[in-house]
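Enquirer: Fold the following.
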Amino acid sequence: MKVLHVITDLDVGGAEQQLRLLLRRLPVPCEVLTLTSPGPVAEGIQADGTPVTHLGMTGNRDLTALPRLTRLIRDGGYDLVHTHLYRACVYGRVAARLAGVRAVVATEHSLGDAVIEGRRLTRGVRTLYRATERLGTATVAVSDTVAARLRRWGVPEQRIHVVPNGIEAHRFGFDPAARALVRTRLGLPLDAFVVGGAGRLVPGKRFDVLVRAVTQLPGVHLLLAGAGPERDMLRRMAEQFGSGDRIHLLGERDGAVDGAAADGPGGFGPDIPGLLSAIDVFVSPSPDEAFGLAVLEALASGLHVLYGSCPAVDELPADQAPGARHFGLNVHELATALRELRRQGPGRLPVPPVVRRYDITRSAEALLSVYEQALADTPARRGSPTPVPPRQGRAAALPPASVSLPDPARSPDPSPMSNR
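Expert: Sure thing, here's the model as predicted:
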């Protein structure tokens, strides 16, 4: 079995890091193709020994990318193509079908109720997604919550497979030495109460709620890791409330794999494991998540966690994550919860059972089973379109000669397909 992974980009992000972790554990030959922005994760994947190709796609309307992608897939002789993130799923499924690949699997990493990859869902986006989804063999949901959303979109039950995200829990264990080092280098008092957050700085993540809550708590510091278009707005907000010296925007941080502190935007900043050791409570204010990987990493560090949405926790009994607490999208509620935790004083919790449940090795084993089933369900000779059984309560895939899709350039709102 030879597999090609097609992903929108390989900048620092949850889906990108998840792919790298999976590649380290999948016992089959794999290669990676990124449509845009090779970025630091591409360098890491290549350092691990997996080849990475950059397609050089210039934007949503670069339709010349489709024949180039088709040719690369055909020439590679792959048994299965696995796509990741919206734009790669749209273009990758079409190209794989045109190339006559035997099986096509897609993972939905970031599908929310109202947003996809942090951007607003529109009718045009949904229409284009459903049209191309039918060209695949299987669709992987990272949680039961995402699987339910896919069913509501009309994806047939038998095409949906739930493979949760996974982490290397040992990488996020609390490290007192790292706590002292990070605080010293960032100029934070060793006894200060420090709140942490991590993610793309986009409107859908609602980090404005977190920043405003911390500005209401004198003496409390915030370490916020991530990059995105809202960075300057969050900085201005902190300064407007007279808290610019307590709100620390650290830029992008790599922490899912390498774990070494590094310089970045704004000077020194910790990796994610170092950040988690340095803080006293972790906050994920996003109200619409597909899984909640950052919450899981914080729980692995023994932190109290306040979150707006986390299917990884919400789908399990409460005793699986006793340190995690849901809050509404309300500045006052969040500030009150942080004030209560501050009164309790610093301290770490035992690593909860939910962390052991989501081990990356288990995720890789489950994904390999999806591959095997997809190939078993679509026997075909090399270089020919995948045969499709008669329609029996499932969406029929289209042969390459019949592919007719909405033009991405004419989508009412193409923003969800822009670079992440």
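Enquirer: Next up, the contacts around R179.
Expert: 277-278 (Cβ atoms under 8 Å, 6 or more residues apart in numbering). Using the backbone N, CA and C atoms, a C-beta is placed for each residue, glycine as well.
Enquirer: tell me the phi and psi of it?
Expert: Torsion angles at R179 (phi, psi; degrees, to the nearest 10) stand at phi -60, psi -50.
Enquirer: Kindly report the same for A225.
Expert: Here the main-chain torsion angles of A225 (degrees, to the nearest 10) amount to phi -100, psi 130.
Enquirer: pLDDT wise, what is it at?
Expert: For A225, the model assigns a pLDDT of 95.
Enquirer: mind listing what it touches?
Expert: By Cβ under 8 Å, 6+ apart, the contact list for A225 reads 196-199, 250-253, 269-270, 272, 275.
Enquirer: Can I get the buried part of those as one PyMOL selection?
Expert: Buried residues within these, by 16 or more other Cβ atoms under 10 Å, are selected in PyMOL with:
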select buried, resi 196+197+198+199+250+251+252+253+269+270+272+275
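Enquirer: which of the contacts of A225 lies closest to L303?
Expert: Nearest to L303 among the contacts of A225 is G196, at 7.9 Å by Cβ to Cβ.
Enquirer: and T83, what element?
Expert: For T83, the host element (DSSP states H and E) is strand 80-84.
Enquirer: in the sheet, who's paired with E108?
Expert: Note on E108: beta-bridge partners by DSSP bridges are A141.
Enquirer: before we move on, what SS does G242 have?
Expert: Of the three states, G242 takes coil according to DSSP: H, G, I helix; E, B strand; the rest coil.
Enquirer: show me the residues around it that make contact.
Expert: Counted by Cβ under 8 Å, 6+ apart, G242 has contacts T215.
Enquirer: one more time with 10 Å, if that's ok
Expert: Residues in contact with G242 (Cβ atoms under 10 Å, 6 or more residues apart in numbering) are 215, 218.
Enquirer: Find me the pLDDT at it, would you?
Expert: On the pLDDT scale, G242 gets 95.
Enquirer: follow-up on the earlier one: centre of the chain versus the strand holding T83, how much separation?
Expert: Here the centre of strand 80-84 is set off from its chain's centre by 16 Å, with Cα atoms, centre = their mean, to the nearest Å.
Enquirer: Mind giving me the packing neighbours of the helix or strand just after it?
Expert: Later in the chain than strand 80-84, the nearest helix or strand by DSSP H and E is helix 86-98. Judged by 3 or more Cβ pairs under 10 Å, 6 or more residues apart in numbering; DSSP states H and E, the packing partners of helix 86-98 are strand 3-7, strand 30-34, helix 65-76, strand 80-84, strand 103-108, helix 123-133.
Enquirer: helices or strands next to the fourth one in the packing?
Expert: I take that to be strand 80-84. Strand 80-84 packs on strand 3-7, helix 14-23, strand 30-34, helix 86-98, strand 103-108, strand 138-141, helix 360-377, going by 3+ Cβ pairs under 10 Å, 6+ apart.
Enquirer: Need the contact partners of the strand or helix carrying D232.
Expert: D232 is located in helix 231-240, with elements delineated by DSSP H and E. The contact list for helix 231-240, computed with Cβ under 10 Å, 6+ apart, reads 201, 203, 207-208, 210-212, 214-215, 222, 224, 226, 228, 230, 243-249, 251, 265-266.
Enquirer: which of these are buried?
Expert: Neighbour counting with 16+ other Cβ under 10 Å marks 201, 207-208, 210-212, 214-215, 222, 224, 226, 228, 230, 243, 246-249, 251 as buried within these.
Enquirer: So which of the residues you listed are in helices?
Expert: Under the assignment DSSP state H, those contribute 207-208, 210-212, 214-215 to helices.
Enquirer: In TSV: those, plus distance to I7 and pLDDT.
Expert: Formatted as TSV, those follow (distance: Cβ to Cβ, whole Å; pLDDT from 0 to 100):
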residue	distance to I7	pLDDT
F207	25	97
D208	29	97
L210	28	98
V211	30	98
R212	34	97
V214	34	98
T215	37	97
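Enquirer: List the contacts of the closest residue to A335 other than its chain neighbours.
Expert: Nearest residue to A335 in three dimensions, chain neighbours excluded: A213, at 4.2 Å (Cβ to Cβ, 6 or more residues apart in numbering). Listed by Cβ under 10 Å, 6+ apart, the contact set of A213 reads 195, 220, 222, 283, 285, 306, 327, 330-339.
Enquirer: Just the buried residues from those, in PyMOL please.
Expert: Command for PyMOL that selects the buried part of the contacts of A213, burial taken from 16+ other Cβ under 10 Å:
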select buried, resi 195+220+222+283+285+306+327+331+334+335+337+338
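Enquirer: any chance of the helices and strands packed on helix 86-98 in JSON lines, plus distance to A47?
Expert: What follows is the helices and strands packed on helix 86-98, written out as JSON lines (distance: least, Cβ to Cβ, whole Å):
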{"stretch": "strand 3-7", "distance to A47": "16"}
{"stretch": "strand 30-34", "distance to A47": "13"}
{"stretch": "helix 65-76", "distance to A47": "21"}
{"stretch": "strand 80-84", "distance to A47": "19"}
{"stretch": "strand 103-108", "distance to A47": "23"}
{"stretch": "helix 123-133", "distance to A47": "32"}
